[in-house]
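Student: next come a sequence and a model predicted from it.
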Amino acid sequence: MYVIEAYILRRIVLFFVAAFTAAIVLTWTVQLLARINFLTTSGQTFFTVLKFSSLFIPAVLPLVMPFALVIAVAQTLSAMNQDSELVVINAAGSPPRLVWRPVLLLGLGLSLLSFGIANFITPYARLTMRDMTANAHSDLLNVFLQEGSFRKLGDKIYLEIGERRADNSIGRLFIVDQRDSSLDLYYYAVSAYITEKQGSGKSRADNYLVMKNGEIERRDNKSGDVSIIKFDSYTFDLSEFAPAGKNVTIYPKDQFLTYLFHPDPDDPYYQRRPLQYTAELHKRLTQWLYPFIFALLALVAAGDARSHREARISASFTAISLSFAFYWLGYFFAGKAETDIAYIPLLYILPIGAAALLIFMLLTNHSLHLPPKLAGFFYRTAALRRRAGQEGEL
């Protein structure tokens, strides 16, 4: 690699890392805040919360990579053009490939990395996250049995405990069961504890609440009669009140690439929506090309030497706007392919056709430009902001 190529690659990589890191941190924070209620109410440890939130990152990486790359390439080449570096490179008789090669190599490398993350790392992270969610929902001791709280276990059944002891036992327990419209049941106990019992043919143990030294008050809502039954020990089955997270549904986007090629015919979700598996497979086989295509797009938009001062605004805005339009179109085709198989060929036509067009434009020395009026508008806006800033400093 020539010195010029290494210089261009280093500047793009530095800009890419900055944009990529900022986007990942922002996305991670948004995802964490969106699920903060689950993470706090389920009584998880800090390490579990940190692990759970970090599992969102692999799914975001293939989405952020192409946009961070197009921003980095467009801004770097535009800055080099404004500083007349691209003009000097061309005047020195250097071939255009000195600018193209580091950008395309980086785009190809990120495409391969995106393929590996989307098809192998992300499914593992998503499955792990779903399993953690199911375990947290099934952990009734953490979800329901919180000291001093009155919680709803299910439809018309409520629970409250007075204290949680160091040995995980419970003190001063109260349960209200109003599921039967003709009969209300009230359970009181001095102490209680949670135990598990493995049911036959079940993959997860059932939860039971064993109450000690208490009484059951039965109130007949029709006659108003009340009867009280005292007990030394009473077992209450909690398993039927576990949330739906106990049975985890695995979606096509959670599956590995090898599974998408050969789905299990007995998979309940595959039996209901087989076309979603087909659409997900073809989406995985095409979307990994986006970083390379976005690198081509940024090169066509900002890779040529321009002498006009508004070039930086025009090139960057053009590259970023077209990349968003391209991604939206691919997203639209992928969504339609889940219900209509006729859209699946478009998932291949879009990236391959765009790549062919952009390569042709590079080889024939064509570039993408904003319309003169729109470019002039952005240039005048930037000039006014720059002038206002200078006056503010004075």
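Tutor: Received the coordinates, thanks. Numbering: from 1, shown residues only.
Student: what sits against the nearest residue in space to Pro274 that is not next to it in sequence?
Tutor: Excluding its sequence neighbours, the residue lying closest to Pro274 (Cβ to Cβ, 6 or more residues apart in numbering) is Pro263, at 7.5 Å. Glycine gets a C-beta too; all of them are placed from N, C-alpha and C. Contacts for Pro263 (Cβ atoms under 8 Å, 6 or more residues apart in numbering) come out as 255, 270, 274, 277.
Student: now do Ala337
Tutor: Ala337 neighbours (Cβ under 8 Å, 6+ apart): 275, 278-279, 282-283, 343-344, 346-347.
Student: PyMOL command for the buried members of these?
Tutor: Selection command for PyMOL covering only the buried members of those, criterion 16 or more other Cβ atoms under 10 Å:
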select buried, resi 278+279+282+283+343+344+346+347
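Student: between the contacts of Ala337, which is closest to Val99?
Tutor: In terms of Cβ to Cβ, no member of these lies closer to Val99 than Leu347, at 30.7 Å.
Student: and what about that closest one, helix, strand or coil?
Tutor: Here Leu347 is helix, with the state taken from DSSP: H, G, I helix; E, B strand; the rest coil.
Student: so for it, what's the pLDDT?
Tutor: pLDDT for Leu347: 95.
Student: wait, isn't it in contact with His282?
Tutor: Yes - using Cβ atoms under 8 Å as the test, Leu347 is close enough to His282 to be in contact (5.0 Å).
Student: tell me the bridge partners for Asp237.
Tutor: Taking DSSP bridges, one obtains Tyr208 as the residues bridged to Asp237.
Student: does it touch Tyr208 like I think?
Tutor: Yes - with contact defined as Cβ under 8 Å, Asp237 reaches Tyr208; the gap is 5.8 Å.
Student: who's more crowded, those two?
Tutor: Under the criterion of other Cβ atoms under 10 Å, the comparison of Asp237 against Tyr208 puts Tyr208 first, with 16 against 11.
Student: give me the residues contacting stretch 103-117.
Tutor: Taking Cβ under 8 Å, 6+ apart as the rule, stretch 103-117 contacts 8-9, 12-13, 16, 58, 61-62, 65-66, 69, 73, 287-296, 298-299, 303.
Student: narrow those residues to just the buried residues.
Tutor: Neighbour-count burial (16+ other Cβ under 10 Å) applied to the contacts of stretch 103-117 gives 8-9, 12, 16, 58, 61-62, 65-66, 69, 73, 287-296, 298-299, 303.
Student: quick one, domains of this structure?
Tutor: Per the record, the chain has its domains at 3-137+250-393, 147-237, by automatic domain parsing.
Student: comparing those, which comes out most buried?
Tutor: Mean neighbour count (mean count of other Cβ atoms under 10 Å) peaks for domain 3-137+250-393 among the domains of the chain, with a mean of 17.
Student: how far does that one sit from the chain's center?
Tutor: On the basis of Cα atoms, centre = their mean, to the nearest Å, domain 3-137+250-393 is displaced by 14 Å from the centre of the chain it belongs to.
Student: tell me if Leu167 really is in a strand.
Tutor: Not quite, residue 167 is Asp, not Leu. No - the assignment for Asp167, made by three-state DSSP, is coil rather than a strand.
Student: quick check: it vs Gly214, distance?
Tutor: 19 Å (Cβ to Cβ, to the nearest Å).
Student: how about Val3?
Tutor: Distance from Val3 to Gly214, by Cβ to Cβ: 82 Å.
Student: Pro252 now?
Tutor: Taking Cβ to Cβ, one finds Pro252 at 49 Å from Gly214.
Student: cool, Leu127 as well?
Tutor: 42 Å.
Student: which residues of the stretch 51-200 of the chain fall in strands?
Tutor: Counting by DSSP state E, counting those that start in this stretch, the stretch 51-200 of the chain has strands at residues 150-154, 157-164, 170-180, 183-197.
Student: in its sheet, what does the second one sit against?
Tutor: Okay, so that is strand 157-164. According to DSSP bridges, strand 157-164 has these partners: strand 150-154 (antiparallel), strand 170-180 (antiparallel).
Student: what's the least confident stretch among those strands?
Tutor: The weakest mean pLDDT among the strands paired with strand 157-164 belongs to strand 150-154, with a mean of 71.
Student: need the contact list for the residue lying closest to Phe174 once chain neighbours are set aside.
Tutor: Distances taken as Cβ to Cβ, 6+ apart put Glu160 closest to Phe174, at 4.7 Å, once the chain neighbours are dropped. Taking Cβ under 8 Å, 6+ apart as the criterion, Glu160 is in contact with 149-151, 173-175.
Student: could I get those as CSV with distance to Lys51?
Tutor: As requested, the contacts of Glu160 are exported to CSV (distance: Cβ to Cβ, whole Å):
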residue, distance to Lys51
Ser149, 25
Phe150, 30
Arg151, 25
Leu173, 32
Phe174, 35
Ile175, 33
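Student: quick one, what contacts the residue lying closest to Leu173 once chain neighbours are set aside?
Tutor: Closest residue in space to Leu173, ignoring its immediate chain neighbours: Ala189 at 4.3 Å, by Cβ to Cβ, 6+ apart. Ala189 sits next to 172-173, 211-214, 234 when contact means Cβ under 8 Å, 6+ apart.
Student: please tell me how far Ala189 sits from Asn168.
Tutor: Counting by Cβ to Cβ, the gap from Ala189 to Asn168 is 16 Å.
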